[in-house]
Every structure is written in structure tokens, then in C-alpha cells.
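Undergrad: Fold the following.
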Amino acid sequence: HKATLQPQNKTTSIPPKSHHPFHYSILIMTCLSSLLFTHLFLYFNSLSPSLFFPSTSLLCPLFSIYYLVLY
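TA: Numbering: from 1, shown residues only. As a prediction, this is how the structure comes out:
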């Protein structure tokens, strides 16, 4: 049974690796677009730059959760 389980583990581990760079590109694109959107949103609202940093710190855990759900 051990010999039959080893090929199954190898075949199941291959698809996540092939999709892994694709998930990373989505994460990077969403992160950059959200940071740009928040930066432009705060800039056009003429808010203080100090409010930009808490918004980014709040977005970082949200994107890590989003990545875990997507993965």
C-alpha cells in the first residue's frame, strides 16, 4: 500500500506547483492596484498622508487572507 500511496502524493503535489506562480501574479496585481487606488483616493480627497499608512497596514492582512482563500 505504501508503494501505491507515493505516486498519488506526487501527482496531487504537481497541480498546486503549476498554479502557484499564477496565484502570486494575481496577488501582486491586486496588491499594487489596491495600493494605487488607496493612494489616489486619499490624494483626491486631500486627506493627510498619515492616513495612507494605516490603510496599507490594514490591507496587508486582508490580502494574506485573500491569498489563503484563493489558494
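
Undergrad: Helix or strand: which one has residue 30?
TA: Using DSSP states H and E, residue 30 sits in helix 2-44.

Undergrad: pLDDT of that helix, averaged?
TA: Regarding helix 2-44, the rounded mean pLDDT is 65.

Undergrad: same question, stretch 62-71
TA: 69.

Undergrad: Need the contact partners of that stretch.
TA: 16, 23, 26-27, 30-31, 34 (Cβ atoms under 8 Å, 6 or more residues apart in numbering). Glycine gets a C-beta too; all of them are placed from N, C-alpha and C.

Undergrad: And these, which of them are buried?
TA: Neighbour-count burial (16 or more other Cβ atoms under 10 Å) applied to these gives 27, 31, 34.

Undergrad: Turn these into JSON lines, including distance to residue 63.
TA: Formatted as JSON lines, the buried ones among the contacts of stretch 62-71 follow (distance: Cβ to Cβ, whole Å):
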{"residue": "27", "distance to residue 63": "6"}
{"residue": "31", "distance to residue 63": "6"}
{"residue": "34", "distance to residue 63": "7"}
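
Undergrad: what's the burial count for residue 35?
TA: Residues near residue 35, counting by other Cβ atoms under 10 Å, number 16.

Undergrad: can you pull the buried residues of stretch 61-70?
TA: Buried residues in stretch 61-70 (16+ other Cβ under 10 Å): 63, 66.
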